[in-house]
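Q: below is the structure, and that's it, no one-letter string:
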């Protein structure tokens, strides 16, 4: 499950606005704002899944462990040249 912090951090790594991520995830901007809110707002699992897929499709790896959570941007081989 993607968290609000992971979504915001992943967007920062990619240089995306909320509008860009909402568009790529095919969700409303309002739904993304709810997901990224720290107010504990209810978010559909399908929304979280669509955001996760959009980010992972752009090279983001979501990290979760008992010590915390994070994100990593993995560059493809053809981007490193």
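A: Looks like it came in fine. Bear in mind the structure is a predicted one, so any value in this text is a computation, not a measurement.

Q: quick one: residue 24 from residue 37, how far?
A: According to CB to CB, to the nearest Å, residue 24 stands 19 Å off from residue 37. Yep, even glycine has a C-beta here, placed from its N, CA and C like the rest.

Q: more crowded one of these two?
A: Using other CB atoms under 10 Å as the criterion, residue 24 and residue 37 rank with residue 24 on top: 17 against 11.

Q: hang on, that one in a helix?
A: Yes. The assignment for residue 24 by DSSP: H, G, I helix; E, B strand; the rest coil puts it in a helix.

Q: isn't it up against residue 58?
A: Yes. Judged on CB atoms under 8 Å, residue 24 makes contact with residue 58 at a distance of 7.4 Å.

Q: can you pull out the strands in the protein?
A: 60-65, 68-73 (DSSP state E).

Q: what about the last one, distance to the chain center?
A: For strand 68-73, the separation from the chain centroid amounts to 10 Å (computed by CA atoms, centre = their mean, to the nearest Å).

Q: for it, buried residues please.
A: Neighbour-count burial for strand 68-73 flags residue 71 (criterion: 16 or more other CB atoms under 10 Å).

Q: the first one now?
A: Residues of strand 60-65 classed as buried under the neighbour-count rule (16+ other CB under 10 Å) are 60, 62.

Q: for that strand, name the packing helices and strands.
A: Where contact means 3 or more CB pairs under 8 Å, 6 or more residues apart in numbering; DSSP states H and E, strand 60-65 is packed against helix 4-14, helix 45-56, strand 68-73.

Q: again, only using 7 Å
A: helix 4-14, strand 68-73 (3 or more CB pairs under 7 Å, 6 or more residues apart in numbering; DSSP states H and E).

Q: can you list the strands that it pairs with?
A: Paired neighbours of strand 60-65 in the sheet (DSSP bridges): strand 68-73 (antiparallel).

Q: looking at the partner strand now, give me its mean pLDDT.
A: The predicted model assigns strand 68-73 a mean pLDDT of 96.

Q: residues making contact with it?
A: Strand 68-73 is contacted by residues 3, 5, 6, 9, 10, 13, 59, 60, 61, 62, 63 when judged by CB atoms under 7 Å, 6 or more residues apart in numbering.

Q: cool, thanks, signing off.
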